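K.L.:
I would like to see how this sequence folds:
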Amino acid sequence: MDRGTDHSKSVCCSGDCRCLKGMDIPVLVKNPVNPDPELWIGALERLNNAGITRLAAIHRGFSVYGKSFYRNNPQWQIPIELKRRIPDMPIITDPSHICGNRELLFEISQKAMDLDFNGLIIETHCNPDKAWSDAQQQITPSELDKLIKSLILRKADVNNTILLTTLEDLRHDIDKFDDSLMQILEQRMSVSEKIGEYKKEK
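P.N.:
Numbers count the residues shown, from 1 in each chain. So this is what the prediction gives:
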């Protein structure tokens, strides 16, 4: 789904920008795996400095330590920061790679639209379960049509959206840390039991 930006001849670029110097083509830049907005913005700036002006950013989520509901955590505050610092930069969200499963696609797609992002990349397959790669995150064309028609497009209240999204991400971080603490406590208890057994034996 695209809100009017023409990416029909676009390419993806990562790393060296010299090969694109002097070319007038759209370039889509995926966010880095690490949740660092500076890396993403730096890549876009290098391309712009090489003379590439038709740029767009692809938000496909970030890796996190520990358990997560998502294949790649969306960490919405990072694309929001990108939008704040480069307001004219189109941002396209990739719900398929963020979710890693088809059940969460609508939730992520609607959130991206609520944030006034410019489009979506959603994987589709006539028989998703038989897809050669990423079968769990693909949907049929009819399901894609239904998802798109279900989306509500509205003008985002930027200040309120940023507030709510930041709070949501912070709560998610707390849940993640709670899970990590429980795992650490379980590991500590296991070591304590081994110490007790060792003392008893010796």
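K.L.:
all contacts plus neighbour counts: C-alpha atoms, from now on.
P.N.:
OK.
K.L.:
Can you pull out the low-pLDDT segments for the protein?
P.N.:
By pLDDT under 70, the low-scoring segments of the chain are 1-20, 22, 66, 155-170, 172-173, 175-177.
K.L.:
The residue nearest the centre of it: what's it in contact with?
P.N.:
Centroid check for the chain by C-alpha atoms, centre = their mean gives G61 as the closest residue, at 1.9 Å. Contacts for G61 (C-alpha atoms under 8 Å, 6 or more residues apart in numbering) come out as N31, V33, N72, N73, P74, Q75, D94, H97, I98.
K.L.:
which of those residues lies closest to K111?
P.N.:
Of all the contacts of G61, K111 sits closest to P74, with 10.2 Å by C-alpha to C-alpha.
K.L.:
Tell me the spacing between that closest one and M113.
P.N.:
Applying C-alpha to C-alpha, to the nearest Å, the value for P74 to M113 is 14 Å.
K.L.:
Look at those two and report which has more neighbours.
P.N.:
More crowded of P74 and M113, by other C-alpha atoms under 10 Å: P74, with 24 against 21.
K.L.:
Could you pull up phi and psi at the more buried one?
P.N.:
Backbone geometry at P74, expressed as degrees, to the nearest 10, gives phi -70, psi -30.
K.L.:
That one against R60, yeah?
P.N.:
Yes - the criterion here is C-alpha atoms under 8 Å, and P74 meets it with R60 at 7.1 Å.
K.L.:
hey, what's in contact with both of these two?
P.N.:
Taking C-alpha under 8 Å, 6+ apart as the contact rule, P74 and R60 both touch I98.
K.L.:
ok, P128 - contacts?
P.N.:
Going by C-alpha under 8 Å, 6+ apart, P128 touches A135, Q136, Q138, I139, T140.
K.L.:
I meant to write L151 there.
P.N.:
Per C-alpha under 8 Å, 6+ apart, neighbours of L151: F106, S109, Q110, M113.
K.L.:
ok, 7 Å please
P.N.:
Contacts for L151 (C-alpha atoms under 7 Å, 6 or more residues apart in numbering) come out as Q110.
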